[in-house]
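Sequence below, structure please.
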Amino acid sequence: MKEFQIHFPEVEMAELRQRIRDTRFPPMPGNGDWSLGTDSGYLSSLLDYWCNRYDWLRKERELNQYPQFTCEFDGLTIHFFHIRSPRKEAKPLLLTHGWPDSFLRYAKVFPLLSDYDLVVPSLPGFAFSTLPSKGYMNNAETAEIWHKLMTEVLGYTEYVASGGDMGRGVTCYLASRYPQEVNGIHLTDAGFAGDLVAAADETLTQEELDYKRRAQEWLRKEGAYINIHSTKPQSLAYALSDSPAGMAAWIVEKYHAWSDWSLITMDDLCDCLTLYWMTNTAATSVRAYHGNSFTLPPLDKITVPTAFAAFPHDVLPVPREWIERNYPIIQYTEMPRGGHFTALEQPDAFAMDISQFMTALFKK
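Got it, this is the predicted structure:
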């Protein structure tokens, strides 16, 4: 295990700014409503801000206040934050992000969760974590690495795990495979309820039927990125790695569609984009979709206590009754605001929900 600090050389930042200035826009103007993808007017404003007014060093200084490390696992380099609480006997809390974000999803809650030992890794292929030679990982494989990190490297005998998006999947595999060590899990989404979509209409409640219809429409209108990431990620990789504007358009469209958009700032977006660009991981991050689409093993039943925080602007919220059938829920919170990026959008509410869950798990 090696100590780590984030630093992007100014010469590389200058090259990024020049590439942004050299952007060639497509001839078709945006229509202003994002219905065909990222609006060109908004993208132009974002690129101008990113190039001329955005300050990455602000974020770099903020992040480097917190202890970071890298560790090797069978040829993989995994980057993670390990932020110990000043409290004696503090419980360890593992936080796992998804796509198209990073550990930045949780950075705003680092100071708000100081009662716990925080472990916040970068998924393989994201930020400063690498991929294996086969070129992809699935959530189950990542869960195995996370468990080794928590138990063998950091020495915890028990821990709590939380996650959203891919992080939800990793967290669920941890809970199903290691119920003795995982005290409980906190989830911010339920993923895609494929069994509801495949079920006969007459077997579903009205809420489940509404979900099925919304899911079918969402897949038709919004789901193309899943197929691209899963089947032809390398073709997309060249654009994501060569054009800051192209990368920004691909990523920002998801932030716009999946979030409570008014809660996302241009600094939030530029933090995300700069991290992806400077580590050249926009292309490697999407490889997880291939692993999860074609190599993911079945998930066993989850038996550990589970909390669920339902954010109203998340992607395809799953009916509560389905969640309560599939997880041993001890805490269910309907958040008043926020979307898919949870702690980034609503850090105070997220931290409070986590703390309430931890209190419920460990009350005397």
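
tell me the contacts of residue 317?
189-190, 310-311 (C-beta atoms under 8 Å, 6 or more residues apart in numbering). Using the backbone N, CA and C atoms, a C-beta is placed for each residue, glycine as well.

before we move on, what about residue 253?
34, 37-38.

what about residue 85, distance to residue 363?
In this view, residue 85 and residue 363 are 18 Å apart by C-beta to C-beta, to the nearest Å.

do the same with residue 133
Computed as C-beta to C-beta, the residue 133 to residue 363 distance reads 46 Å.

of all the contacts of residue 317, which two lie farthest apart?
Farthest pair in the contacts of residue 317 (C-beta to C-beta) is 190 and 311. Separation: 11.5 Å.

Which one of these two is surrounded by more residues?
When residue 190 and residue 311 are compared for neighbours, residue 311 comes out ahead with 27 against 20, by other C-beta atoms under 10 Å.

Please tell me I have it right and that one contacts residue 335.
Yes: at 4.8 Å, residue 311 counts as touching residue 335 under the criterion of C-beta atoms under 8 Å.

joint contacts of these two?
Shared contacts of residue 311 and residue 335, counting by C-beta under 8 Å, 6+ apart, come down to residue 346.

Quick one: the helices in the stretch 151-300 of the chain, in order.
Using DSSP state H, counting those that start in this stretch, the helices of the stretch 151-300 of the chain run over residues 166-177, 194-198, 206-222, 224-231, 233-242, 244-258, 266-279, 282-285, 287-294.

Run through the neighbouring helices and strands of the first one.
Pointing back at helix 166-177 there. Helix 166-177 is packed against strand 92-96, helix 139-148, strand 159-163, strand 182-187, helix 287-294, with contacts defined by 3 or more C-beta pairs under 8 Å, 6 or more residues apart in numbering; DSSP states H and E.

now do the fourth one
For helix 224-231, the elements it packs on are helix 233-242, helix 287-294, judged by 3+ C-beta pairs under 8 Å, 6+ apart.

pLDDT score for residue 39?
With respect to pLDDT, residue 39 scores 93.

Quick check, it in contact with residue 32.
Yes: using C-beta under 8 Å, residue 39 is in contact with residue 32, at 5.8 Å.

who's more crowded, these two?
With neighbours defined as other C-beta under 10 Å, residue 39 and residue 32 compare such that residue 39 has more, 21 against 10.

ok, back up a step: could you let me know which of the contacts of residue 317 ends up closest to residue 323?
For the contacts of residue 317, the nearest to residue 323 is residue 190 (5.4 Å; C-beta to C-beta).

Go ahead and confirm the closest one touches residue 324.
No: counting by C-beta under 8 Å, residue 190 stays clear of residue 324, with 10.6 Å between them.

picking that back up, let me know the closest of the contacts of residue 317 to residue 301.
Closest to residue 301, out of all of the contacts of residue 317 and judged by C-beta to C-beta, is residue 190, at 15.1 Å.

Leaving out chain neighbours, which residue sits closest to the closest one?
Leaving aside its chain neighbours, residue 190 sits nearest to residue 318 (4.0 Å; criterion: C-beta to C-beta, 6 or more residues apart in numbering).

next one: residue 271
residue 59 (5.0 Å).

Can you report how many residues neighbour that neighbour?
Residue 59: 19 neighbours (other C-beta under 10 Å).

Surely it forms part of a helix?
Yes: assessed with DSSP: H, G, I helix; E, B strand; the rest coil, residue 59 lies in a helix.

got a pLDDT number for it?
Here the pLDDT value assigned to residue 59 is 98.

swap in residue 29?
Here, the pLDDT recorded for residue 29 equals 69.

Strands of the stretch 1-150 of the chain, start to end?
Secondary structure of the stretch 1-150 of the chain (DSSP state E, counting those that start in this stretch): strands located at 2-4, 68-73, 76-83, 92-96, 117-121.

out of the ones you listed, nearest to residue 354?
The closest of the strands of the stretch 1-150 of the chain to residue 354 is strand 92-96. By C-beta to C-beta, the value is 7.1 Å.

Partner strands of that closest one, with direction?
Using DSSP bridges, the strands paired with strand 92-96 are strand 117-121 (parallel), strand 159-163 (parallel).

on that earlier part again, and among the helices and strands packed on helix 224-231, the most buried is which?
A comparison of those by mean neighbour count, using mean count of other C-beta atoms under 10 Å, puts helix 287-294 on top with a mean of 20.
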